[in-house]
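K.L.:
Would you be able to build a 3D model of this:
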Amino acid sequence: EVQLQASGGGLVQAGGSLRLSCAASGFTFDDYAIGWFRQAPGKEREGVSCISSSDGVTYYADSVKGRFTIARDIAKNTMYLRMNSLESEDTAVYYCNAYRSGEDYWGQGTLVTVSS
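P.N.:
Numbering: from 1, shown residues only. Predicted coordinates for the structure are as follows:
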């Protein structure tokens with residue numbers, strides 16, 4: 001069974017840090033584009049960061065550039081999102097995603113709440 005299991009969310013004060021993890025099972029990340037999305041209350045889901053499947057290049061939304069870092073551990077089949085200098089605007093449910101043509105997998109979401 002293909003699964004993405006996200007974890008690491010929680011309540012943090014503004015300026016604090018969290019690290020999200022997303023463990024894959026039933027498939028390997030090797031040739032998938034992987035990334036993180038988030039959905040804040042009352043807003044649409046938006047892309048936060050991703051890693052290209054072809055060359056490993058990373059991309060970030062302007063709102064998180066310089067504060068968030070995406071990484072993957074191929075051996076552990078796990079991706080991470082290190083979030084520093086968190087702001088109240090970062091409050092959202094964070095979802096991990098793995099995509100390649102014809103396949104699109106989502107984790108269940110992990111809630112990040114940043115208190116100001």
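K.L.:
Only C-alpha atoms from now on, for both contacts and neighbour counts.
P.N.:
Will do.
K.L.:
residue boundaries of the strands in the protein?
P.N.:
3-7, 10-13, 18-25, 33-39, 46-51, 58-60, 68-73, 78-83, 92-100, 103-106, 110-115 (DSSP state E).
K.L.:
Using CSV, lay out the ones you listed together with mean pLDDT and mean neighbour count.
P.N.:
Converted to CSV, the strands of the chain look like this (pLDDT from 0 to 100; neighbours: other C-alpha atoms under 10 Å):
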stretch, mean pLDDT, mean neighbour count
strand 3-7, 97, 20
strand 10-13, 98, 15
strand 18-25, 97, 20
strand 33-39, 97, 23
strand 46-51, 98, 20
strand 58-60, 97, 17
strand 68-73, 96, 18
strand 78-83, 98, 20
strand 92-100, 97, 22
strand 103-106, 96, 14
strand 110-115, 98, 20
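K.L.:
Grab the nearest non-local neighbour of the residue nearest in space to the middle of the chain.
P.N.:
In the chain, the residue lying closest to the centroid (C-alpha atoms, centre = their mean) is Trp36, at 2.8 Å. Closest residue in space to Trp36, ignoring its immediate chain neighbours: Cys96 at 4.5 Å, by C-alpha to C-alpha, 6 or more residues apart in numbering.
K.L.:
Would you mind confirming that the one you found makes contact with Ala6?
P.N.:
Yes. Contact criterion C-alpha atoms under 8 Å: Cys96 and Ala6 qualify, at 6.7 Å.
K.L.:
which ones are touching the residue nearest to Trp36?
P.N.:
For Cys96, the contact set (C-alpha atoms under 8 Å, 6 or more residues apart in numbering) comprises Leu4, Ala6, Cys22, Ile34, Gly35, Trp36, Phe37, Trp106, Gly107, Gln108, Gly109.
K.L.:
Same check on Gln13?
P.N.:
By C-alpha under 8 Å, 6+ apart, the contact set of Gln13 is Leu86, Val114, Ser115, Ser116.
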